[in-house]
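K.L.:
With the input below, show me the fold.
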Amino acid sequence: MRSLPSVLLVMPVGTRRRLFTAQLNRTLETLASEVRWVPTFRDPAIGPLLRDAEVIITSWGSGQLTGDLLARAPRLRAVLHAAGSVRAIVSDTVWQRGITVSSATDANAIPVAEFTLASIIYAGKRARSMEQAYRRLGKSGALRSHPDASNHHRTIGLIGLGRIGRRVADLLQILDCAVVAHDPYATDADADRYKVQLVSLDELMRRSDIVSVHAPNLPSTHKMIGGEQLALMPDGATLINTARPAIIDTEALTAELVSGRIHAVLDVTDPEPLPADSVLFTLPNVQVTPHIAGALGSEVQRLAELALGELERFTRDEPLHHQILEDDLDRVA
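P.N.:
Down below sits the predicted model:
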């Protein structure tokens, strides 16, 4: 076991208060020889703090750890990101220095997967449209307007079988449904483990009653779901997006939704936020939420808990459980 490291927290004060409860702060203090804090990497006070830092814990709003800053941090060994993607945090110099990088993406994946499961179940029951019909037509009229409302023997399509997609696949095992998935990096072993059938994107769109998007936002996934793919969806199918809006061609999706042919649950939109006069707010077949699938409220404490678990493993000179490698950036958010 190595000696306890000097830890530097780099995150806005509001973020620190949300992530680190009094108990988690006490845990942090037991895992560090000292704990220092600045709100961002741009703060002028960071210079002398970098000199002694062996571990930096970051989160939303931290800014980027640039090469100039790293030159002032000769003892730095690890960056533990108490949030999702590390792309905005790390620079090329981080990898060149061989600094260990960890992400709390797995912790954030939990509420996203839970939100997705709820959205799938609601979509199968036609809950959004049924609510609208209930107001107009009464109970009997609403039920007659959606005779296909059901979660029995649905086919669910998962676009992306990464951290969130895998969790969703596990949760879907409580339903009597078939699950197909599209992910160029998934293997037959993954398909067996998560009880999914791997198919092409077009086949997934064609076969699925409900499509849930979990692909990372990469150049290769930009507008991967366009008009051609959306046209393959069966009439009445539902598209759920809790990933990134750039994965879907917004103009093509809006046209399909305005036609009423398909339904959508959109937790992310382009632009974000939507203008108040967006047509998407007016459509009975669309549910729009303000990016709530990820960690909110007390859920964000999972991010700090994961980072502290990584810090404890670091102090024991053990491999980190959530390490991100430079090569991973080609296929993760």
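K.L.:
any idea how far Thr254 lies from Phe281?
P.N.:
Separation of Thr254 from Phe281 (C-beta to C-beta, to the nearest Å): 12 Å. Where C-beta positions appear, they are placed from N, C-alpha and C, glycine not excepted.
K.L.:
Compare neighbour counts for those two and give me the winner.
P.N.:
Neighbours of Thr254 and Phe281, each counted by other C-beta atoms under 10 Å, are more numerous for Thr254; the result is 19 against 11.
K.L.:
Surely that one is in contact with Leu280?
P.N.:
Yes. Contact criterion C-beta atoms under 8 Å: Thr254 and Leu280 qualify, at 6.9 Å.
K.L.:
which parts of the lowest-mean-pLDDT helix or strand in the chain are buried?
P.N.:
Taking mean pLDDT, DSSP states H and E as the measure, the chain has helix 127-145 as its least confident helix or strand, at a mean of 91. In terms of neighbour count (16 or more other C-beta atoms under 10 Å), helix 127-145 has its buried residues at Ala127, Arg128, Ser129, Met130, Gln132, Ala133, Ala142, Ser145.
K.L.:
contacting residues for the second one?
P.N.:
With C-beta atoms under 8 Å, 6 or more residues apart in numbering as the criterion, the residues that contact Arg128 are Tyr122, His263, Val265, Pro284, Asn285, Val286, Gln287.
K.L.:
do the third one as well
P.N.:
Residues near Ser129 by C-beta under 8 Å, 6+ apart: Ser145, His146, His263, Pro284, Asn285.
K.L.:
Tell me which two of these sit farthest apart.
P.N.:
The largest separation in the contacts of Ser129, counting by C-beta to C-beta, is between Ser145 and His263 at 13.6 Å.
K.L.:
picking up where we left off before, what's the closest of the buried residues of helix 127-145 to Ser259?
P.N.:
Of all these, Ser129 has the smallest distance to Ser259: 14.5 Å, by C-beta to C-beta.
K.L.:
ok, now how distant is the closest one from Asp330?
P.N.:
Ser129 is 40 Å from Asp330, by C-beta to C-beta.
K.L.:
What are the structural domain limits within this structure?
P.N.:
Domain assignment of the chain by automatic domain parsing yields the ranges 6-103+297-330, 109-288.
K.L.:
partners of the nearest residue to Ala191 once chain neighbours are set aside in the sheet?
P.N.:
What sits nearest to Ala191 in space, not counting adjacent residues and going by C-beta to C-beta, 6 or more residues apart in numbering, is Leu198, at 5.0 Å. Here Leu198 sits in beta bridges with Ala181, as judged by DSSP bridges.
K.L.:
need the contact list for Leu198.
P.N.:
Val180, Ala181, His182, Asp183, Ala186, Asp188, Asp190, Ala191.
K.L.:
how close does it sit to Leu329?
P.N.:
Leu198 sits 23 Å away from Leu329, going by C-beta to C-beta.
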